[in-house]
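# attaching a predicted model along with its sequence, questions to come.
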Amino acid sequence: MKQLCTILFSLLLAYGTILAQEGTLIMDSDVAVSIGAQEITSTIHSGALIQEPTETITADYLGSHILLANPPPANNGGSDGWAIFHDLIAGPRWVTITGMTTASTAAAGVGYTIEFFTRSGTALGGPGGDPAGWTSLGTVPVTQGAGGTTGVSELFATPVISLNPGDTLGLAMVFTGVGPRYFGTGAPPFQVFADTNLTLITGEGRSAPFTTGGSVFASRGLVGEIRYDEFIPVEFVSFTALASGNAVELSWVTATELNNLGFQVERKTINTDWTNIGFVDGYGTTTENKIYSYVDRNLSANSYYYRLKQIDFDGSFKYYELAETIEIGSLKSYSLAQNYPNPFNPSTIISWQVPIAAHNVLKVYDGLGKEVATLINEEKPAGNYEVEFDAAGLPSGIYFYRLQAGDFVETRQMLLLK
């Protein structure tokens, strides 16, 4: 076996030398080259399609990762203006590509550029010959590493390439100043490199990208590596408010959190700017639903607006604004508030206000429109009201509650999670 590997390695080096002598123009045009590459690839990879290199973590688990593709040297390549196409598939978390290395026809230390394009869905098997659906992310400078044409570039920063969990993103890399180099047989199947967070399917080489002309060669796999971060953002399920007397209770639910220091609660009126009125600690990093609340007390009659300033441990922040205006004091209009809590299990509070005496009917319906409960059916004077809805005997799902008071009718949605 050791002798066979030595012979194969020698053949591979000799093959690379021949390619370097013949130049890049014939690398993908000579049938004999493709056949030779197929034989070497078949022996080296022993027919394996999926490779799962050991994941390198440079920070903590939610830090920087390296997905290794083919190691150098490349066994084929193209010319200036050519492109290579890949598919990126995210695992169960959000992924952001931050950097990479790749092979090219440049000599050591020579600079060139790569323009990155992405599209929703696959880039392989046809989309690379059509400009429709592609978006340019910009052009980045690249410097070839010490290995020259038999090595890879120095590590370079890519444009921001983000994937949601489970998404497939087509990626195109158009080379200017040099041609791309890659590893492959020139025939299917594509190569697949994967870890728990990201899958790379690679790839196609095209001499005239985004057109129906030119030549297409596949498989042509990336030589180098991809650097990426996987993360859990602070994802909101709901943000609601419940007014009672001269107080407002704010409630919000998160589905996931990453490095969440907490929430600064802010309030304003029509005549005042946003004011910090309190702070609620976050749970740091978690993938479990978390329920928060904050009570703003001793309010005078007015219209109030609320928002949350979610702050990370590194000081970065994002605002989440309450969709509705909260009225305290005089009853000027009908209103049906969002239930609290929402989602709920098994009970929740529904509140509303009526400015004049009226017959109030409050009913609950399931997702198919079937009535499941009548909570109120009586005459009521002007005022603020609330009622508890107990769904202990109902299955999880989306429900609707509908208030009719005189000529006023409004329906809202709520979610039961058991």
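Received it, and whenever you're ready, just let me know what you need.
# could you pull out the helices for the stretch 1-150 of the chain?
With helices called from DSSP state H, counting those that start in this stretch, the stretch 1-150 of the chain shows them at 2-22, 31-45.
# what's the least confident stretch among those helices?
Mean pLDDT values for the helices of the stretch 1-150 of the chain show the minimum at helix 31-45, a mean of 24.
# please tell me how far D366 sits from F400.
Distance, D366 to F400, by Cβ to Cβ, to the nearest Å: 8 Å. Placement of C-beta: from N, CA and C, glycine included.
# make that A194, sorry
On the measure of Cβ to Cβ, A194 and F400 end up 43 Å apart.
# and this protein, what are its domain boundaries?
As assigned by automatic domain parsing, the chain contains the domains 2-231, 232-327, 331-418.
# distance from the chain centre to the last one, please.
To tie it back to what came earlier, the one meant is domain 331-418. 35 Å (Cα atoms, centre = their mean, to the nearest Å).
# so what's L88 up against?
Neighbouring residues of L88 by Cβ atoms under 8 Å, 6 or more residues apart in numbering: V95, I97, I161, L163, T168, L169, G170, L171, L198, T199, L200, I201.
# rerun that using 10 Å as the cut-off
67, 95, 97, 118, 123, 161, 163, 167-171, 198-202, 226, 228 (Cβ atoms under 10 Å, 6 or more residues apart in numbering).
# where does the protein have low pLDDT?
The chain contains residues with pLDDT under 70 at 1-63, 232, 330-331.
# ok, longest strand in this structure?
strand 247-269 (DSSP state E).
# buried sites along stretch 91-102?
G91, R93, W94, V95, I97, T98, M100, T101, T102 (16 or more other Cβ atoms under 10 Å).
# mutual contacts of D366 and F400, please.
V372.
# distance of the most centrally placed residue in the chain relative to I349?
When Cα atoms, centre = their mean is applied to the chain, the residue found nearest the centroid is N164 (2.3 Å). Remark: distance between N164 and I349 (Cβ to Cβ) = 34 Å.
# cool, N260 as well?
26 Å.
# do the same with I291
Taken as Cβ to Cβ, the span from I291 to I349 is 14 Å.
# cool, and T374?
17 Å.
# which one's more surrounded, those two?
I349 (17 against 10; other Cβ atoms under 10 Å).
# from what I see, the more buried one and P341 are in contact.
Yes - at 8.1 Å, I349 and P341 qualify as touching, with contact defined as Cβ atoms under 10 Å.
# overlap of the contact sets of the two?
L242.
# show me where the stretch 201-350 of the chain has strands.
Taking DSSP state E, counting those that start in this stretch as the criterion, the stretch 201-350 of the chain carries its strands at 216-220, 224-231, 235-244, 247-269, 275-286, 290-296, 302-312, 317-321, 326-328, 335-336, 347-354.
# ranking those by burial, who's on top?
strand 216-220 (a mean of 24; mean count of other Cβ atoms under 10 Å).
# direction included, what does that strand pair up with?
Looking at strand 216-220 with DSSP bridges, its partner strands are strand 198-206 (antiparallel).
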